[in-house]
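In: Starting from these lines, generate the structure:
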Amino acid sequence: MKAFVKADWDGFFALGLDSLINLLLMTGFCVGVMGFSPALFYGKILPAMAMGVLIGNLFYAWQARRLAAREGRDNVCALPFGINLITVVVYSLLVMYPAQQAALAALARQDEADEAVHYMVKEFRKRRDAVVAALAAFQTVRYVHPAGAFYLYINVAGFRGAADAGAAFAAAMLEEHQVAVVPGSAFLTPNWIRASYATTESVAVEGVTRIARCLTGA
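Out: Predicted structure coming up:
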């Protein structure tokens, strides 16, 4: 299979023109609308996008050659990899711009932002203390005392003799007790599960109580 044929020029120029138009749009959105500094956009964002397009096209070409070799074909074409117009518009105007404006508004009202953060910290500390108190009633349950965030890490080693105790426990909790937890194997710790208390205090306490009862057979 030839690495390059005459018809590839069509794809090359089509991809190049499409990417150029999208880059011009991104320049307008980032530098013109959102006020990004030229040093940031041209020095970091633009080179990163160019590198992504280059690596993506090389990877797709490698995949196409592997497919052609495996199937003995000479008519395999790699999918062009470029910057998507819809993604540029939607991500720039509906994600980046609102996030930027929210951040600028928070900086302009620093005291209110700090007050909101302190309130959230206080509330999550209350929920943390509540779920830890609920677990204290089950003395055989081992867990990592959460010092931050909003997760409990609970040891479920030996649950029903499963090789992946965390996955087995997560499945049992969901099917039998209607509580969703994350198996520890997602974090390379298969004998543990992660439970979130980012909900109301009463729901969080009920959830960890069901977890403890399932684990201890109470």
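
In: Any buried residues in stretch 55-74, and which?
Out: Within stretch 55-74, the residues that count as buried by 16 or more other CB atoms under 10 Å are 57, 61, 64, 68. From N, CA and C alone the C-beta is placed, and that goes for glycine too.

In: I'd guess the first one is in a helix, am I close?
Out: Which is N57. Yes: in this structure, N57 lies within a helix as judged by DSSP: H, G, I helix; E, B strand; the rest coil.

In: separation between the residue nearest to it when sequence neighbours are not counted and E206?
Out: In this structure, N57 finds its nearest non-sequential neighbour in F81, 4.7 Å apart by CB to CB, 6 or more residues apart in numbering. Distance, F81 to E206, using CB to CB, to the nearest Å: 48 Å.

In: residue boundaries of the helices in the chain?
Out: For the chain, helices defined by DSSP state H occupy the ranges 8-27, 38-40, 46-71, 85-91, 97-108, 110-136, 165-177, 201-216.

In: quick one: pLDDT of the most centrally placed residue in the chain?
Out: Most central in the chain under CA atoms, centre = their mean is A186, positioned 13.3 Å from the mean C-alpha point. According to the prediction, A186 has pLDDT 92.

In: For L40, the count of nearby residues, please.
Out: Using other CB atoms under 10 Å, L40 has 12 other residues around it.

In: distance of it from R142?
Out: 47 Å.

In: With T216 instead?
Out: Per CB to CB, T216 is found 11 Å from R142.

In: Of those two, which one has the most company?
Out: Per other CB under 10 Å, whichever of T216 and R142 has more neighbours is R142, with 15 against 12.

In: What backbone torsions are found at L79?
Out: phi -70, psi 130 (degrees, to the nearest 10).

In: Give me the nearest residue to it, chain neighbours excluded.
Out: Excluding the flanking residues, the one nearest L79 by CB to CB, 6+ apart is Y60, at 5.3 Å.

In: In the chain, where is pLDDT below threshold?
Out: By pLDDT under 70, the weakly predicted segments of the chain are 1, 3.

In: Surely V76 touches L67?
Out: Yes: with contact defined as CB atoms under 8 Å, V76 counts as touching L67 (5.3 Å).

In: domain assignment for this structure?
Out: According to automatic domain parsing, the chain comprises the domains 8-108, 113-216.

In: Dump these to JSON lines, plus distance to K2.
Out: Output for the domains of the chain, formatted as JSON lines (distance: least, CB to CB, whole Å):
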{"stretch": "domain 8-108", "distance to K2": "7"}
{"stretch": "domain 113-216", "distance to K2": "44"}
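
In: how many neighbours does G207 have?
Out: Considering only other CB under 10 Å, G207 is surrounded by 23 other residues.

In: centre of the chain versus stretch 46-58, how much separation?
Out: Chain-centre distance of stretch 46-58: 21 Å, with CA atoms, centre = their mean, to the nearest Å.

In: next one: stretch 152-167
Out: Chain-centre distance of stretch 152-167: 25 Å, with CA atoms, centre = their mean.
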